[in-house]
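> This is a predicted model, with the sequence first.
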Amino acid sequence: MPYHPLITFIVAQGVPLQTVTLLLMLPIIATLVAFFRQVIGIKAFGIYTPSLITFALIAFDPNGIKYGIAIFVSVILVGMISRLALKHSRLLYLPRVAITLSIVSLSILGILVLGGHQQRTGLASISIFPLLIMITLTEKFVATQIEKGSRVAFILAIETLIISVIGYYLVSWNALETLLLNFPWIVLVTFLINFSLGKWTGLRVTEYFRFRKILRHL
């Protein structure tokens, strides 16, 4: 299938087409996260983490997004339990995170072994790249737990998963991939969108629900 001359040139230099596609998708995913934050009011773990999780979910294919979500939830739950177990240990931050990361890593290894034992070949054959991304989410989660509490950290984790899943389906959309490979300059539109979002002064969607009683009397 013929692509835009720029894409053809880049691929001719030895850059894999999949790499080109994902790099063109990244500004769109980052803009999606910014939109959810500024307009919808879903915070998540910043902009970097949801973007990484989105591509981690992509890397789980062809095993399916269900395994990616399962690993994500497992990391969050094990991280939360580990944090609570170490709460009164009075350890310094980095050793505590190292212990939590180790527990999460061993737990994921156990899940993979269990998946292989149960003939879940898709789960057992997951590559290390998406697993490492999911596991490193632990530090962000623990840091948020310490700073804002477990409830806020759990909510942010769920919001991160929601945005990442939406991003996954957006990146997996064949029509969008074809559009980007034929008209790569469309990525520049994300700059205009982000400039507009940067000037956003209106209420977020979640704030309309939060302050609905007050707005009724205006």
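Looks like it arrived, so ask away. The shown structure was predicted, so the numbers you read here are calculated from the model rather than taken from an experiment.
> Can you check the pLDDT for residue 64?
On the pLDDT scale, residue 64 is placed at 63.
> for the chain, which helix is longest?
With DSSP state H setting the assignment, residue counts place helix 93-117 as the longest helix in the chain.
> thought residue 76 was touching residue 141?
Yes. Applying CB atoms under 8 Å as the test, residue 76 and residue 141 come out as touching, 6.2 Å apart. Backbone N, C-alpha and C define where each C-beta goes, glycine included.
> joint contacts of those two?
Residues touching both residue 76 and residue 141 (CB atoms under 8 Å, 6 or more residues apart in numbering) are residue 157.
> gap between the nearest residue to residue 103 once chain neighbours are set aside and residue 58?
By the measure of CB to CB, 6 or more residues apart in numbering, the closest residue to residue 103 outside its immediate chain neighbours is residue 82, 4.7 Å from it. According to CB to CB, to the nearest Å, residue 82 stands 28 Å off from residue 58.
> any idea which helix or strand comes after the helix or strand hosting residue 153?
Assignment of secondary structure by DSSP states H and E places residue 153 within helix 150-171. Secondary structure here is assigned by DSSP H and E; on that basis, the next helix or strand after helix 150-171 toward the C-terminus is helix 174-182.
> what about that following helix, average pLDDT?
Helix 174-182 shows a mean pLDDT of 88.
> what sits up against that helix?
Everything outside helix 174-182 that qualifies as a contact, by CB under 8 Å, 6+ apart, is 3-4, 7, 17, 20-21, 24-25, 28, 170-171, 186-187.
> Give me the subset of these that lies in strands.
Under the assignment DSSP state E, those contribute nothing to strands.
> so which of these is the most crowded?
Of the contacts of helix 174-182, residue 25 is surrounded by the most neighbours, 23 neighbours in total, counting by other CB atoms under 10 Å.
> Quick check: the gap between that residue and residue 18.
Following CB to CB, the distance that separates residue 25 from residue 18 is 10 Å.
> same question, residue 146
Counting by CB to CB, the gap between residue 146 and residue 18 amounts to 38 Å.
> Who has more neighbours out of the two?
residue 146 (15 against 10).
> Do I have it right that that one meets residue 93?
Yes. Judged on CB under 8 Å, residue 146 makes contact with residue 93 at a distance of 7.3 Å.
> what do the two both touch?
Shared contacts of residue 146 and residue 93 (CB under 8 Å, 6+ apart): none.
> Okay, now the unreliable bits of this structure?
Regions of the chain meeting the criterion pLDDT under 70 cover residues 1, 61-64, 117, 119-125, 202-218.
> How about residue 22, nearest residue that isn't a chain neighbour?
In this structure, residue 22 finds its nearest non-sequential neighbour in residue 55, 6.5 Å apart by CB to CB, 6+ apart.
> Identify the residues contacting the one you found.
Contact criterion CB under 8 Å, 6+ apart gives 22, 26, 29, 133, 171 as the residues in contact with residue 55.
> any idea which element it lies in?
According to DSSP H and E, residue 55 maps onto helix 48-59.
> helix or strand right after that helix?
Past helix 48-59, heading to the C-terminal end, the next element that is a helix or strand (DSSP H and E) is helix 65-85.
> That next one - contacts with which helices or strands?
The criterion is 3 or more CB pairs under 8 Å, 6 or more residues apart in numbering; DSSP states H and E, and the helices and strands that helix 65-85 contacts are helix 48-59, helix 93-117, helix 121-124, helix 128-148, helix 150-171.
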